[in-house]
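> Need the 3D shape of this:
(chains A and B)
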Amino acid sequence: MSAPIDLPKWADTVLVPAVSVVAAFLVAGLVVVGIGENPLTATRWLIQGSLGSGEGLGFTLFYATNFIFTGLAVAVAYHAGLFNIGGEGQATLGGLGAAVVLLKLDFLPGFLLLPLGIIGATAFGAAWAAVPGYLQAKRGSHIVITTIMFNWLASVLSVYLLVNVMREANSMNPETRAFPSHSHIPFMHEALAALGIDIPPSQLNLTFLIALAASFAVWLLIYRSRLGYAIRVVGSNPTAAVYAGISPARITIIAMVISGALAAGLAVNELMGYQHRLLLEFTSGYGFVGIAVALMGRAHPVGIILASILFGILYQGGAELAFEQPAITRDMVVVIGGIIILFAGALDGLFRRIIARVLPRPAFASA
Amino acid sequence: MDSGTIITVFDSALRLSIPLLAACLAGLWSERSGVVDIGLEGKMLVAAFAAAAAAAETDSAWIGLAAGIGASVAFALVHGFASISQRGNQIVSGVAINMLAAGLTAIVGNAWYGQGGRTPPLEGPERFREIFLNHSVLVFLALLAVPLTWFLLAKTRFGLRLRAVGENPAAVDTAGISVTGLRYVAVILAGVLCGLAGTDLSVGQSAGFLPNMTAGKGFIALAALIFAKWRAWPALGACFLFGLLDAVAIRLQGIALPGIGEVPVQAIQALPYLMTVILLAGVIGTAIPPRASGVPYVKER
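Numbers count the residues shown, from 1 in each chain, chains lettered A, B, ... in the order given. Got it, this is the predicted structure:
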């Protein structure tokens, strides 16, 4: 990075993302005004739809689960200095992996089939990320370009397989048959009902807990383990890594494998937890929003969980909003995601410079 | 296959390769000056929308073209501001451009016309007429951009400086020439060419805008750019090749070839991506980007 602007740590981790988000909402508000709608009522519907009811909250957390996985995937690669924009493709392959396991091994009992399905998803996702990782590490191909190409390859591959090979017999839709019912990840309301707790039904399922566990695991990995240290060294200074006896090539591949496995968590939540079958384009842009989540969360698991909940609110609230004000479709989330990526990712130097100028000198010096 | 079929396939290959070609040359200008552009897709998409909307409102395809270029240049300037002036991450900025374009065209299209994001169908003077061999003027503009790009880059002082800025900006700076200025010019030219590409999609080839109508063409253009090793004439070849693959895929749909059987369309669709990955892996030749591409230029180093 060029000409670092030193900010106190709290400003760096809280203020910069916060300013980016506020700026993004201001721009989004302008878009709402531009198409002739009232941004304040829109915000009210958004909040009410996402947080105003137990059901809405359940949906919000369901979407947040998707964003946690794709955000963590981007973050792990980011710590290794890699920009993995292949989350969409890796999750697509994860869906194929889960479907292959669940449909081929459906004779197994649930307690075996369920973990095997998750392993199948993560293994496929990891493998799909490992190839660009290998090509970057050993052949010098640029990871951004290869992961873009792998996204399209994944999409073409899944269309082929769903139309020609895996489609349910005598069905017109490009979907597989339903996964066996004993392989479904329980819904949160079912699981809690078994414990005698009553919550309104929603798509929220136990994958949410897996996502939280994965966040903790990523925190342990990145900040508390030898491998995580190696990943961060390679990310900030590959030359120093070589000097310290760390192989950047090896770390690159490992980081991509972990990243791809995390991206596949999206397939676990969407398919094993909710849709219960493999269908086309189930990734629907979550992989790209994951970039916004990771940038906003400053690639830290806590930040990623918070950013994911924000995007969950936008997604669920946006769906409700589209009912009330049909002119504001869910595409607004994509716009806000794009603006946040622009502000928190590409223009953060601008905000850092402004904040550095505004902050009182003593706070600055004591940092 | 008789000669009539071959001519039809080549004709549609040319048609399909035009948006790729314009976008590919856009990427060429930008990356030759040292600014990586993965936002070709997004710029094409906003251009396609703006062109179709303006053509529908004003009954003029030419005003459509102007609007398409204007919208695309506006997005290009955002990318330029982030990557050149603010020295931000160019890839992150490109991703943002793509998402913004996808979201904004869908929302605004839906709010304005309420037809699931489509613009009203264009007809008569709202579209470009076929002027020669069943092709519109946009096709010839895009083809003309190839020798023009080659000439400007290879034979003029401006081109030499622009290429130098993509390889060694410090040397250009030392010679007293503005790195920032040159890069902005390149980024704006990229915007103009993406505007042409998008307008061709919605006003040239089809009669209106459909949501997400670029459908990855911007990324195929990026693949073609790598395939052409960032040079103008090879870009023409690469784009025509990818256009031909597309045309053949459409032609072969549901047809069984003797000895091979039915070739899945997806196998042909995958080829541009696959070929790019293989090329980048250095198995067949090498593709080396301009040395300074993707690196923000900092004066005080």
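> alpha carbons only for contacts and neighbour counts from here, please
Will do.
> Write out the residues of the stretch 1-150 of chain A neighbouring chain B.
A:2-3, A:35, A:135, A:139-142, A:146, A:148-150 (Cα under 8 Å from any Cα of the partner chain).
> Looking at those residues, which one is closest to B:L122?
A:I35 (22.6 Å; Cα to Cα).
> what residues are up against the closest one?
Applying Cα atoms under 8 Å, 6 or more residues apart in numbering or on different chains to A:I35 gives the contacts A:327, B:108, B:111-112.
> Buried among these? Make that a PyMOL selection.
One line in PyMOL is enough to select the buried members of these, burial here meaning 16 or more other Cα atoms under 10 Å in any protein chain shown:
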select buried, (chain A and resi 327) or (chain B and resi 108+111)
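> all strands of the stretch 151-300 of chain B, in order?
Using DSSP state E, counting those that start in this stretch, the strands assigned to the stretch 151-300 of chain B run over residues B:256-257, B:261-262.
> neighbouring contacts of stretch A:108-117?
Here stretch A:108-117 has contacts from A:97-99, A:101-102, A:105-106, A:182-185, using Cα under 8 Å, 6+ apart.
> average pLDDT for it?
For stretch A:108-117, mean pLDDT is 91.
> now B:W62: how far from chain A?
For B:W62, the distance to chain A (Cα to the nearest Cα, to the nearest Å) stands at 25 Å.
> Beyond whatever helix or strand that residue lives in, next helix or strand please.
Take DSSP states H and E as the rule and B:W62 turns out to sit in helix B:61-80. Scanning forward in sequence from helix B:61-80 by DSSP H and E, the next helix or strand is helix B:90-113.
> okay, and for the stretch 151-300 of chain B, where does confidence drop off?
Scanning the stretch 151-300 of chain B for pLDDT under 70 picks out B:259, B:283-286, B:300.
> Show me which residues of it are close to chain A?
Contact residues, the stretch 151-300 of chain B versus chain A (Cα under 8 Å from any Cα): B:216, B:219, B:264, B:266, B:269-270, B:273-274, B:276-277, B:280-282, B:296, B:298.
> Narrow the residues of the stretch 1-150 of chain A next to chain B to just the buried residues.
Buried, going by 16+ other Cα under 10 Å: A:35, A:135, A:141-142, A:146, A:148-150, out of those.
> In helices, which of the residues you listed fall?
Among those, the members falling in helices (DSSP state H) are A:135, A:146, A:148-150.
> if we can go back for a sec, nearest to B:F242, of the residues of the stretch 1-150 of chain A next to chain B?
Proximity of these to B:F242 (Cα to Cα) peaks at A:M149, which lies at 14.3 Å.
> give me every residue that touches that closest one.
Contacts of A:M149 (Cα under 8 Å, 6+ apart): B:219, B:273-274, B:276-277.
> how about the residues you listed in TSV, adding neighbour count?
Output for these, formatted as TSV (neighbours: other Cα atoms under 10 Å in any protein chain shown):
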residue	neighbour count
B:F219	25
B:Y273	24
B:L274	19
B:T276	22
B:V277	25
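> Could I get those residues in CSV, plus columns for distance to B:I188?
What follows is the contacts of A:M149, written out as CSV (distance: Cα to Cα, whole Å):
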residue, distance to B:I188
B:F219, 19
B:Y273, 27
B:L274, 30
B:T276, 26
B:V277, 29
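> just curious, which of the residues you listed is nearest to A:L280?
Among these, B:Y273 lies closest to A:L280 (Cα to Cα), at 19.7 Å.
> Once you drop chain neighbours, what's closest to that closest one?
The shortest distance from B:Y273 to any non-neighbouring residue, by Cα to Cα, 6 or more residues apart in numbering or on different chains, is to A:M149 (5.2 Å).
> any idea how far that neighbour is from A:F288?
Separation of A:M149 from A:F288 (Cα to Cα, to the nearest Å) stands at 14 Å.
> so where's the longest helix in chain B?
Chain B, longest helix under DSSP H: helix B:3-32.
> next SSE after that one?
Where DSSP H and E defines the elements, the next helix or strand beyond helix B:3-32 is helix B:40-58.
> returning to what we had before: what's the most distant pair in the residues of the stretch 1-150 of chain A next to chain B?
Using Cα to Cα, the two most remote members of these are A:I35 and A:R139, lying 48.4 Å apart.
> my read: B:L160 touches B:A154, true?
Yes - counting by Cα atoms under 8 Å, B:L160 touches B:A154, with 6.7 Å between them.
> ok, those two, which is more surrounded?
Ranked by neighbour count (other Cα atoms under 10 Å in any protein chain shown), B:L160 and B:A154 place B:A154 first, with 16 against 13.
> Identify the residues contacting residue 120.
In the absence of a named chain, chain A is used. Applying Cα under 8 Å, 6+ apart, the residues contacting A:G120 are A:94, A:97-98, A:100-101.
> Chain B, not that one
Taking Cα under 8 Å, 6+ apart, we find B:P120 in contact with B:53, B:56, B:113, B:208.
> now A:I199
Each residue near A:I199 by Cα under 8 Å, 6+ apart is listed here: A:54, A:189, A:192-193.
> Go through these and flag which are in helices.
When the contacts of A:I199 are checked against helices (DSSP H), the matches are A:54, A:189, A:192-193.
> ok, now which ones touch B:W62?
When contacts are counted by Cα under 8 Å, 6+ apart, B:W62 is found next to B:55, B:128.
> please redo it, this time with the cut-off set to 10 Å
By Cα atoms under 10 Å, 6 or more residues apart in numbering or on different chains, B:W62 lies in contact with B:51, B:54-55, B:68, B:125-128, B:199, B:203.
> Turn the residues of the stretch 1-150 of chain A next to chain B into JSON lines, including pLDDT and distance to B:L182.
Formatted as JSON lines, the residues of the stretch 1-150 of chain A next to chain B follow (pLDDT from 0 to 100; distance: Cα to Cα, whole Å):
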{"residue": "A:S2", "pLDDT": "42", "distance to B:L182": "20"}
{"residue": "A:A3", "pLDDT": "47", "distance to B:L182": "22"}
{"residue": "A:I35", "pLDDT": "84", "distance to B:L182": "36"}
{"residue": "A:L135", "pLDDT": "92", "distance to B:L182": "33"}
{"residue": "A:R139", "pLDDT": "85", "distance to B:L182": "32"}
{"residue": "A:G140", "pLDDT": "82", "distance to B:L182": "29"}
{"residue": "A:S141", "pLDDT": "83", "distance to B:L182": "28"}
{"residue": "A:H142", "pLDDT": "85", "distance to B:L182": "25"}
{"residue": "A:T146", "pLDDT": "91", "distance to B:L182": "29"}
{"residue": "A:I148", "pLDDT": "90", "distance to B:L182": "28"}
{"residue": "A:M149", "pLDDT": "91", "distance to B:L182": "30"}
{"residue": "A:F150", "pLDDT": "94", "distance to B:L182": "33"}
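> Distance to B:L245 for the residues you listed - can I get that in a markdown table?
As requested, those are arranged in a markdown table below (distance: Cα to Cα, whole Å):
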| residue | distance to B:L245 |
| --- | --- |
| A:S2 | 42 |
| A:A3 | 46 |
| A:I35 | 40 |
| A:L135 | 25 |
| A:R139 | 27 |
| A:G140 | 27 |
| A:S141 | 24 |
| A:H142 | 25 |
| A:T146 | 20 |
| A:I148 | 20 |
| A:M149 | 16 |
| A:F150 | 19 |
